[in-house]
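*Asks:* let me see the structure of the following:
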Amino acid sequence: MNTRLKTCTLAALLCCAMAAHTSAHAQITVYTNCDAFLGAVVNPGVDTYDDLLVEMYAPSLNRTAGAYNYTVSAGEGIYGAGEGGDGWLSTNSPYDRIAFNNFSSVVYALGGEFFGSNLLGRFTPGTTIILTALNGTSATYVLPESETGSFVGFVFSSPLNSVVVGTFGEGYWPTANNLVLAAVPEPGSYGMMLAGIGVLGWLARRRRT
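*Replies:* A predicted model of the protein is given here:
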């Protein structure tokens, strides 16, 4: 196993994503803007990983993001990361993947910052991060040229089973920060919102007459 000293750097947002597969029965929408993602969900909870020390942990950890409990795991162990109070979560092997699953509540959305780091835990530019989402079907999203501030979020039309984050294993480690779990508005909420917009439009037209 590799011993890793993790440090934290900051970088500007540069993220793009590509869907490899979608299903008509279980639609998955990807967001690369955090504000847009938060606008599409309700009751978000965040796990910042700021409590993790710079050391190796067990292959599986039980974590909390707001009202949601979940499990994060990696085959050869989770590695805590970060400095200056900003924690990261990574793996002990560049060939390993981070898996988020076993959600305690119905979760329809998952987002966060995903990027690559090197053996010393410093940000590695030019890395490609691969995310695979599962919720009855599967979808793979590829983030080339990831940065420490890169955000990607998934909103599902059915409950989420898991999201797996990995790399091509070419000398850099998959790393995550500020994981967000959330629900989505009830279908009735959309109807009420559209009805409210319609009423406002009618009032506006009435005032002009």
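
*Asks:* from here on, just use CA atoms for contacts and neighbour counts.
*Replies:* Noted.

*Asks:* what about this structure, any weak spots by pLDDT?
*Replies:* Within the chain, the segments meeting pLDDT under 70 span 1-26, 83, 187-209.

*Asks:* could you pull out the strands for it?
*Replies:* Using DSSP state E, the strands assigned to the chain run over residues 28-31, 42-47, 60-65, 68-73, 78-83, 86-91, 98-101, 109-117, 129-134, 138-143, 151-156, 162-166, 173-183.

*Asks:* show me what the first one is packed up against.
*Replies:* What that stands for is strand 28-31. If you count contacts as 3 or more Cα pairs under 8 Å, 6 or more residues apart in numbering; DSSP states H and E, strand 28-31 packs onto strand 151-156.

*Asks:* of the strands of the chain, which is nearest residue 123?
*Replies:* strand 109-117 (4.5 Å; Cα to Cα).

*Asks:* which secondary structure elements does that closest one contact?
*Replies:* Packing partners of strand 109-117 (3+ Cα pairs under 8 Å, 6+ apart): strand 129-134, strand 151-156, strand 173-183.

*Asks:* save the ones you listed as CSV, and put in distance to residue 48 and mean neighbour count too.
*Replies:* Shown next, in CSV, are these (distance: least, Cα to Cα, whole Å; neighbours: other Cα atoms under 10 Å):
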stretch, distance to residue 48, mean neighbour count
strand 129-134, 19, 20
strand 151-156, 14, 23
strand 173-183, 4, 25
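
*Asks:* picking up where we left off before, who wins for proximity to residue 53 among the strands of the chain?
*Replies:* Across these, the minimum distance to residue 53, taken as Cα to Cα, is reached by strand 78-83, at 5.4 Å.

*Asks:* what sits up against that closest one?
*Replies:* Residues from elsewhere that reach strand 78-83 (Cα atoms under 8 Å, 6 or more residues apart in numbering): 5-8, 50, 52-61, 87-92, 121.

*Asks:* one more time with 10 Å
*Replies:* Here strand 78-83 makes contact (Cα atoms under 10 Å, 6 or more residues apart in numbering) with 3-9, 49-61, 72, 87-93, 96-98, 120-122, 175-177.

*Asks:* between strand 86-91 and it, find me the angle.
*Replies:* Per axes from the mean of the first three to the mean of the last three Cα atoms, to 10 degrees, the angle that strand 78-83 makes with strand 86-91 is 150 degrees.
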